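Peer 1: 3D, please:
(2 chains)
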Protein chains: 2
Amino acid sequence: MINYNLASREDLIKEREELQKRYNEYKSQGLSLNMARGKPSPEQLDLSKDLYKNIDSFIAEDGTDARNYGVLQGIPEMRKLFADILDTVPEKIFVGGSSSLTMMHDTMARAMIFGEIESEKPWAQVEDRKWLCPAPGYDRHFKIAEMFGFKLIPISMDAWGPNISEIEEYVKDSTVLGMWCVPCYSNPDGYVYSETICEQLASMKTAAPDFRIYWDNAYMKHHLYEEKIQTIPDMLALCEKAGNPNRVYEFTSFSKITLAGSSVACMATNKDNMDFAILHINKQCIDCNKVNQLAHAKYFKDENEVEAHMRKQADILRPKFQKCIEIFNEEFSGNGDICYWTDPNGGYFISLYAYPYTAKNIWNMCKDAGVTLTDAGAAYPYGNDPMDAHLRIAPSYPSLADIEKAIRILCVCVKITAIDEMLNDKLR
Amino acid sequence: MINYNLASREDLIKEREELQKRYNEYKSQGLSLNMARGKPSPEQLDLSKDLYKNIDSFIAEDGTDARNYGVLQGIPEMRKLFADILDTVPEKIFVGGSSSLTMMHDTMARAMIFGEIESEKPWAQVEDRKWLCPAPGYDRHFKIAEMFGFKLIPISMDAWGPNISEIEEYVKDSTVLGMWCVPCYSNPDGYVYSETICEQLASMKTAAPDFRIYWDNAYMKHHLYEEKIQTIPDMLALCEKAGNPNRVYEFTSFSKITLAGSSVACMATNKDNMDFAILHINKQCIDCNKVNQLAHAKYFKDENEVEAHMRKQADILRPKFQKCIEIFNEEFSGNGDICYWTDPNGGYFISLYAYPYTAKNIWNMCKDAGVTLTDAGAAYPYGNDPMDAHLRIAPSYPSLADIEKAIRILCVCVKITAIDEMLNDKLR
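Peer 2: Down below sits the predicted model:
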């Protein structure tokens, strides 16, 4: 193992030749490995195989026949379950269909057409409207705001959350209308916002009276290590306490608890936002799929049962995350910090920050060797990673054996491209 | 039984006294009957009680694991089933969530924000935009267009469909952007559009290049009588043939086939519209609930099985419709046509056209006697029935015994209010 930073040009060339041999060997295996998306593995989905077998009666606890029309905000037991999970109250919960992403999209679409309570005009009429995007972040979030004509403004992230000084500067502009957040085990870094950051987001002054935070609490129960559980405060309560009760829409779903794309999602917000949203949602639908709500509420009697279920999920996911980190440590220790990575305590992703200006090349080399990663740059607004360094690793779906192969190949590519970049440096 | 039109003032007063006695007697029973909404009865829902018991495997016919993310337009077997039902091809089908109403709303919301393919600008920017509403029609349709700022223009209906001359006049105005249609067993009359009307709607010239028909084919398999089945042509094909391939979005769902509000809905449209819609829908969601799609596709192997299932539905619904019609005939024959009603061959509703300017009073009298009907006027844009005559009867949910009581009370109220109106007529 040589330290790339200290190595001579000749040593680097020699190292590269050896790496190229390893790469060619992997390539010759004709692999087809996909680590691109945060999909649960079949073993995780099997944990919920009896989800629909519990339905012996379709009657909810308030006597509602879940099979018939009505009860727009969701059956009481599902509202309570979501409220307990999000540390809030059932009154603040709207249980939706199977996708929280759709609820976020629809919330923004409503604001585009009708504005928010405090808006002077619909957001579609706000010229040069902008949206804050902690980056790296979730590509699907960014694409919704981009589609709706927002200029996406990247906000830098560190382990305590998004950079609050940058944010406080931007929100002085009244055309900055809101912000994406994945506060717990963020996608893709796995960071958890500190309580201080949460409080500052709740209390900061914004020029736009209708500024909104979309608080995507997708991973609040997705701990990997019992002994390293991290949590975030109830953002609705923080905003209320700070005198900005309408500031936040919180979202979550069971997509990565039970079935991905076929579970139950929810939005949580204060009464005024909820009443305003329902003015429009009650035209959009009569109700959401209550049979699926009932199936979930019967499968998980309370928050404790969700947590017990998530410990089983963690038992499947943990070795996969550990395998990635173990290989990174092994392949890169002593190289002189040519790259670094996050080692999250929960969520679905690991960030790998490769040597500057190499991520796209790494992605292509991996692709050629049969390893599909999330597009390089995808975690940044407009796919534009200014350092071309970030790669999102999604270890959930592949088997341990496949992860071992894919991560080895990735490491070889990181090293080769780093050496190429170093060799290109004429000062060297 | 006296003929109200020929009866003397004294005879009418005497008749009214007898009717009032009947009314008081009903009222004293403290009834609570609801015929307001087109909800399936528990017996109908029980027909699908094994819907989720068939899922022994979650793998769709193309190998897709229905429990995981992906396959935006729906699993192949569900697209095929919808295509067969709608007499079109799977390529034109987008399988959505559990509500076709939501798909209609979302389609209009997209046009509001982005316009349609041919639009010069988003519909939200079209001043004085208007929408054609065959009336009586479905109140939830009207409320969507009203919410999106369209001026609702009522179009008169008869047994062959909406009045095409009125429509052809209105569509000369380029701010008339579209039209609601429930072409088969229309809500609330139960009328079926004639092939000629369908062809004219497909081929008429519209000033707006982006004119759209929202073809809500909610009841295409909802026949009440085997010997009186009515059908409509494939509107997508008609529009294509007429050179207006982008004119129509067709919608339907299994809500009144399996479970109301928890089933599977779809949109059907041509390739250009579909591609344009998907540009936006693929930001709104990753996929729709495919486990529910698979459950439906396994429960109904083909269109024939849907039809067999719908014959069972008809066996439950038919006596209820017949009971209403039978009582109307009995109560009103010989009265001199003080009211008339539709006798549909399918669908979920009966229209009762009471004596002019009495519907609101009838509704109130029924309410006081414990019978809840759909709001008088609800079937007209802005709830404004110009003749205050129409009442929508929804016989699906109550038991036969309850229908008997509710319809008797309704008939008494129709007669009392007709007499009052006649007695108020100073010329009499």
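Peer 1: got a list of contacts for the lowest-mean-pLDDT helix or strand in chain A?
Peer 2: Across the helices and strands of chain A, mean confidence by mean pLDDT, DSSP states H and E is lowest for strand A:33-35: a mean of 93. With contacts defined as Cβ atoms under 8 Å, 6 or more residues apart in numbering or on different chains, strand A:33-35 is touched by A:370-374, A:393-395, A:397-398, A:402-403, A:405-406. Quick note: C-beta positions are derived from backbone N, CA and C, even for glycine.
Peer 1: Show me the residues you listed that map onto helices.
Peer 2: A:Asp402, A:Ile403, A:Lys405, A:Ala406 (DSSP state H).
Peer 1: Sketch out the low-pLDDT regions of chain A for me.
Peer 2: Counting by pLDDT under 70, chain A has low-confidence residues at A:426-428.
Peer 1: quick one, longest strand in chain A?
Peer 2: What stands out as the longest strand in chain A, according to DSSP state E, is strand A:151-158.
Peer 1: Name every strand pairing with the least confident helix or strand of chain A and say which way it goes.
Peer 2: In the sheet, strand A:33-35 lines up against strand A:371-373 (parallel) (DSSP bridges).
Peer 1: Pretty sure A:Tyr348 sits against A:Ala394.
Peer 2: Yes. Using Cβ atoms under 8 Å, A:Tyr348 makes contact with A:Ala394 at a distance of 6.4 Å.
Peer 1: Now the common contact residues for the two.
Peer 2: A:Gly38.
Peer 1: What is the longest helix of chain A by residue count?
Peer 2: When chain A is parsed with DSSP H, its longest helix is helix A:303-332.
Peer 1: tell me what that helix is packed against?
Peer 2: Helix A:303-332 makes packing contacts with helix A:42-46, helix A:76-85, strand A:350-353, helix A:400-424 when contacts are defined by 3 or more Cβ pairs under 8 Å, 6 or more residues apart in numbering or on different chains; DSSP states H and E.
Peer 1: Which positions in the host helix or strand of A:Lys21 come out as buried?
Peer 2: When secondary structure is defined using DSSP states H and E, the element that contains A:Lys21 is helix A:9-27. Judged by neighbour count using 16 or more other Cβ atoms under 10 Å in any protein chain shown, the buried positions of helix A:9-27 are A:Leu12, A:Glu15, A:Arg16, A:Leu19, A:Tyr23, A:Tyr26.
Peer 1: Closest one of those residues to chain B?
Peer 2: For the buried residues of helix A:9-27, the closest approach to chain B (Cβ to the nearest Cβ) belongs to A:Tyr26, at 26.7 Å.
Peer 1: thinking that closest one is in contact with A:Glu404, fair?
Peer 2: No. In this structure A:Tyr26 lies outside contact range of A:Glu404 using Cβ under 8 Å: 11.5 Å.
Peer 1: what about the residue nearest the centre of chain A, distance to chain B?
Peer 2: Residue closest to the mean C-alpha point of chain A, counted by Cα atoms, centre = their mean, is A:Asn187 at 3.2 Å. With distances taken as Cβ to the nearest Cβ, to the nearest Å, A:Asn187 is found 14 Å from chain B.
Peer 1: go on, A:Pro90?
Peer 2: When distance is defined by Cβ to the nearest Cβ, A:Pro90 is 20 Å away from chain B.
Peer 1: What values do phi and psi take at A:Thr269?
Peer 2: Taking degrees, to the nearest 10, you get phi -160, psi 170 for the backbone angles of A:Thr269.
Peer 1: Return the residues in contact with it.
Peer 2: Contacts here follow Cβ under 8 Å, 6+ apart; on that basis A:Thr269 touches A:Lys92, A:Phe94, A:Leu236, A:Asn246, A:Val248, A:Tyr249, A:Glu250, A:Ala277.
Peer 1: For the second one, list each beta-bridge partner.
Peer 2: In this structure, A:Phe94 bridges to A:Met267 when assessed by DSSP bridges.
Peer 1: thinking it is in contact with A:Asp275, fair?
Peer 2: No. Between A:Phe94 and A:Asp275 no contact is recorded; they are 11.0 Å apart, counting by Cβ under 8 Å.
Peer 1: Which one's more surrounded, these two?
Peer 2: Shown here are A:Phe94 and A:Asp275; by other Cβ atoms under 10 Å in any protein chain shown, A:Phe94 has more neighbours (23 against 11).
Peer 1: any idea how far A:Leu294 is from that one?
Peer 2: Distance, A:Phe94 to A:Leu294, using Cβ to Cβ, to the nearest Å: 17 Å.
Peer 1: residues touching A:Asp128, list them.
Peer 2: A:Lys151, A:Thr175.
Peer 1: Kindly list the main-chain dihedrals of it?
Peer 2: Per degrees, to the nearest 10, the backbone of A:Asp128 is at phi 50, psi 40.
Peer 1: I'd assumed A:Gly370 was in contact with A:Gln29.
Peer 2: Yes. At 7.4 Å, A:Gln29 counts as touching A:Gly370 under the criterion of Cβ under 8 Å.
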